[in-house]
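# have a look at this fold, sequence not included:
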């Protein structure tokens with residue numbers, strides 16, 4: 001799995017977890033999804049993504065997500 005796909009998978013997992021937790025545990029968990037969405041938006045404009053930096057340090061190989 002490439003770095004791009006790992007970041008996309010992680011972001012999707014965080015968004016879905018926030019939705020599920022907000023429906024089953026407490027409505028304020030929706031802020032987890034909002035945070036993930038805001039982080040994806042800022043990463044699109046700035047190129048700064050903390051998750052990508054962590055995955056890179058873990059040895060995930062770089063690549064292009066959409067060829």
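Yep, it's here. As the structure is a computational prediction, the values presented were derived from the model and not from experiment. Residues are numbered from 1 along each chain as shown.
# quick one: low-confidence ranges for the protein?
In the predicted model, the chain carries pLDDT under 70 at residues 65-67.
# redo that, cut-off 80
The model of the chain has pLDDT under 80 over residues 63-67.
# find the centremost residue of it, please.
For the chain, the residue sitting closest to the mean C-alpha position, by C-alpha atoms, centre = their mean, is residue 11 at 2.1 Å.
# that one and residue 44 touch, don't they?
No. Taking C-beta atoms under 8 Å as the definition, residue 11 is not a contact partner of residue 44, at 11.2 Å. Placement of C-beta: from N, CA and C, glycine included.
# still on that earlier bit, show me what contacts the residue nearest to the centre of the chain?
36, 39, 40, 51 (C-beta atoms under 8 Å, 6 or more residues apart in numbering).
# now the helices for this structure?
According to DSSP state H, the chain carries its helices in the segments 3-24, 30-46, 50-57.
# do you know which of those lies nearest residue 63?
The closest of these to residue 63 is helix 3-24. By C-beta to C-beta, the value is 5.7 Å.
# which positions within the closest one qualify as buried?
Within helix 3-24, the residues that count as buried by 16 or more other C-beta atoms under 10 Å are 3, 4, 6, 7, 8, 10, 11, 14, 15, 18, 21, 22.
# quick one: contacts for the third one?
To tie it back to what came earlier, the one meant is residue 6. Each residue near residue 6 by C-beta under 8 Å, 6+ apart is listed here: 55, 60.
# and it, how far from residue 60?
As judged by C-beta to C-beta, to the nearest Å, residue 6 and residue 60 stand 5 Å apart.
# for the residue lying closest to residue 52 once chain neighbours are set aside, give me its contacts.
Once flanking residues are discounted, residue 52 sits nearest to residue 7: 5.1 Å by C-beta to C-beta, 6 or more residues apart in numbering. By C-beta under 8 Å, 6+ apart, the residues touching residue 7 are 49, 51, 52, 55.
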